[in-house]
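Asker: Build the 3D model from these lines:
(one chain, ligands or ions: 1)
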Amino acid sequence: MTSRALDERETAARPIARRDTAPARAGYDVEAIRAQFPILARPVRGKPLAYLDNAATSQKPRAVIDAIRRYYEEDNANVHRGVHLLSERATRAQEAARVKVARFLGTDDPHEVIFVRGTTEAVNLVAQTFGRQRVGPGDEILVTCLEHHSNIVPWQLLCQEKGAALKVVPISDAGDLELDALDRLLGPRTRLLAVTQVSNALGTVTPIAEIIERAHARGVPVLVDGAQGAPHLGFDVGRAGADFYAFSGHKIYGPTGIGVLWGRRALLEEMPPWQGGGDMILSVSFEKTTFNALPYKFEAGTPHIAGAVGLGAALDWVGEVGLEAIAAHERAILDTAAAALAEVPELRIIGAPRERAGAISFLLGDVHPHDAGTILDRHGVAVRAGHHCAQPLLARLGLSATLRASFAAYSTPREIEQLVRALHAVREIFA
Ligand code: PMP
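Answerer: This next block holds a predicted model:
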């Protein structure tokens, strides 16, 4: 391998090479998109892979894999503290990724973008800083019945610590939030509403702008869990008016171990730091520590620099294909899947929300989802079987597990046909 000379003028965060990108907007060429994801070409159990577990994690395009490899081959050093060229390059790469995240979220203030491990860590950060500062005995935190465990348990822990109460916005049988109940539950003691943009278990898209408006009308700040929303719908923090937005890199074609907490600057400024350590301080003595400015106040220790670079590359990739084009493709795939699944005898689709994105849950007769999932795997079909980290939601629907097929920019009707064929094979086994 030849190594290129380092050049201090060259930014480590140069745009990702165009050769890997699909012919954007000119028509959606899903096969050209698939060809950019090396893992999708790998047979599984001797069969072509039908990867329908995208709500758990997405696969990565070569542009992302290359960006991470290139970072380690050409730029790797620790950030912020170094006076040498590689450290400058690593710092520039990480900060360029922050700017890309800010742009993705429709804001021009990268200081509001905090790198974390993922959605889970983002929610915990807000609970442990904003929450600890603002919530006291008798106060209330409002979540919804649609939430993932990671947008429930951090609030439960906070409520236990503070003697506060966790309140829950109910859903209809169809899997939509009951907005009238939301209005009733938003009370004078409500300190925060934590709500998902898209349910990972049912695919329900919540009317997030309207929810935020209703909460703000009562003076209640809103944290939006964008783990499932970001990859399918994106989110404009300014337009939606949220106070906090969290998402995970690995669900939007980026690497694992990196995610984002976006917060409104005024709130972030007021919040105390969470973890202590290097980089989050301006000065330390044994008597007193002064904390760094945003966003570093919340980024203690060596960050996941390569992860940030990979996330930046993933957002570049999404931008080049076009989020709207991806969303339109996924809607068509979801419709195809819903229609095809409805034709499978004894198959029951769970929920019928007004709007769905990315995922569809179902049951096949009385076959346990784990059994069905294991057989589907033998046919090269990767789906999720279980409670999807949304046990309260499944309990509300009288269930303990479902099968879930979830989609991405590279999903094809062929994969849905493979899923349906494999479901027929499951039926034959259990007939
Ligand atoms: N919220 C939702 C809606 C999710 O789907 C997930 C991941 N399944 C999370 C939060 C947690 O994300 P992570 O595990 O990446 O922190």
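Asker: what does the stretch 301-431 of the chain put close to the ligand?
Answerer: Residues of the stretch 301-431 of the chain lying close to the ligand (C-beta under 6 Å from any ligand atom) are Cys389. The C-beta positions use only the backbone N, C-alpha and C, and glycine is treated the same way.
Asker: Now do the strands in the stretch 301-431 of the chain.
Answerer: 347-349, 359-364, 381-382, 384-386, 402-406 (DSSP state E, counting those that start in this stretch).
Asker: Give me the below-cutoff pLDDT ranges for the stretch 1-150 of the chain.
Answerer: The stretch 1-150 of the chain contains residues with pLDDT under 70 at 1-26.
Asker: Give me the residue ranges of the stretch 301-431 of the chain where confidence is low.
Answerer: Along the stretch 301-431 of the chain, segments meeting pLDDT under 70 are nowhere present.
Asker: Nearest to the ligand: which residue in it?
Answerer: Closest to the ligand within the stretch 301-431 of the chain is Cys389: 5.8 Å, counting by C-beta to the nearest ligand atom.
Asker: show me what contacts the residue nearest to that residue when sequence neighbours are not counted?
Answerer: Excluding its sequence neighbours, the residue lying closest to Cys389 (C-beta to C-beta, 6 or more residues apart in numbering) is His149, at 4.4 Å. The contact partners of His149, by C-beta atoms under 8 Å, 6 or more residues apart in numbering, come to 389-391.
Asker: what residues go with each domain of the chain?
Answerer: Structural domains annotated on the chain: 85-319, 323-429, as defined by automatic domain parsing.
Asker: I'd like these laid out as JSON lines, including distance to Asp75.
Answerer: JSON lines is the format used below for these (distance: least, C-beta to C-beta, whole Å):
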{"stretch": "domain 85-319", "distance to Asp75": "4"}
{"stretch": "domain 323-429", "distance to Asp75": "28"}
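Asker: looking at those, which is closest to Tyr71?
Answerer: Across these, the minimum distance to Tyr71, taken as C-beta to C-beta, is reached by domain 85-319, at 4.5 Å.
Asker: so how far does that closest one reach from one end to the other?
Answerer: Start and end residues of domain 85-319 are separated by 30 Å (C-alpha to C-alpha, to the nearest Å).
Asker: please renumber so the chain begins at 13
Answerer: From this message on, residue numbering opens at 13, which makes the last subject domain 97-331.
Asker: re earlier: show me the one of the strands of the stretch 313-443 of the chain that comes nearest Leu323.
Answerer: Of all these, strand 414-418 sits nearest to Leu323, with 20.1 Å by C-beta to C-beta.
Asker: Stretch 314-333: how far from the chain's middle?
Answerer: Remark: stretch 314-333 is offset 14 Å from the chain centroid, using C-alpha atoms, centre = their mean, to the nearest Å.
Asker: correction: stretch 389-408
Answerer: Its chain's C-alpha centre and that of stretch 389-408 lie 17 Å apart, by C-alpha atoms, centre = their mean.
Asker: Which parts of the stretch 63-212 of the chain are strands?
Answerer: Along the stretch 63-212 of the chain, the segments classed as strands by DSSP E, counting those that start in this stretch run 125-128, 152-156, 177-181, 202-208.
Asker: sorry, back to before: now for the residue of the stretch 313-443 of the chain closest to the ligand: which residues touch it?
Answerer: Taking C-beta under 8 Å, 6+ apart, we find Cys401 in contact with 160-162, 212.
Asker: What about these, which one has the most neighbours?
Answerer: Highest neighbour count within the contacts of Cys401, by other C-beta atoms under 10 Å: Asn212, with 27 neighbours.
Asker: pretty sure that one is in contact with Ala402, am I right?
Answerer: Yes. Checked against C-beta atoms under 8 Å, the pair Asn212 and Ala402 is within contact range at 6.6 Å.
Asker: who touches both of those two?
Answerer: His160.
Asker: Just give me the residue right at the centre of the chain.
Answerer: The centre of the chain sits closest to Ala239, judged by C-alpha atoms, centre = their mean, with a distance of 2.2 Å.
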